[in-house]
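**Student:** what shape does this take:
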Amino acid sequence: MTLEEIKELVLLMEQTDLTELKVQAEDFKLTLRKGTAAQAPAPLVTPAAESRPLAAQPRLEKAFDQDLVSINSPMVGTFYHASSPDSEPFVKVGDPVSQGQTMCIVEAMKLMNDIKSEYDGTIVAIAVENGQAVEYNQVLFWIKRS
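**Tutor:** Model prediction:
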């Protein structure tokens, strides 16, 4: 993941009500948390050459508005990445997705509900963890539309 992509994720958190975002790839793991006004924000470690603080840049805002979309939970329930504990996740960060493709399952009142992508694109972030309780309209995934 590049520094520019991380900056886009920080901007995404500033513009939404997300409080935590976890991104994981094969050899990379990133957790961003947004605290309340009473808490100090978690420190962000950047390469020495990029030691200046991250700032929202107009070109990132424009790219964000046009390219990144969210897939939200249509119900209250429990989020599952895969159809069973032994199965591979439906999608991972970096995977391409197409409209209508199953991305996860939300269990509500003992019923398993497939959540499908509304867009063609690439998974940029998975906003919840496997087995986590989710609320109605909570962001589950961020997709960069293609």
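
**Student:** would you list the phi and psi of I143?
**Tutor:** phi -120, psi 130 (degrees, to the nearest 10).

**Student:** how close does it sit to I6?
**Tutor:** According to Cβ to Cβ, to the nearest Å, I143 stands 17 Å off from I6. The C-beta positions use only the backbone N, C-alpha and C, and glycine is treated the same way.

**Student:** more crowded one of those two?
**Tutor:** Comparing I143 with I6 by other Cβ atoms under 10 Å, the one with more neighbours is I143, at 24 against 17.

**Student:** beta partners for the more buried one?
**Tutor:** For I143, the beta-bridge partners under DSSP bridges are V69, I123.

**Student:** go on, Y80?
**Tutor:** Counting by DSSP bridges, the residues bridging with Y80 are I105.

**Student:** can you pull the contacts of it?
**Tutor:** Going by Cβ atoms under 8 Å, 6 or more residues apart in numbering, Y80 touches 104-107, 112, 130-131.
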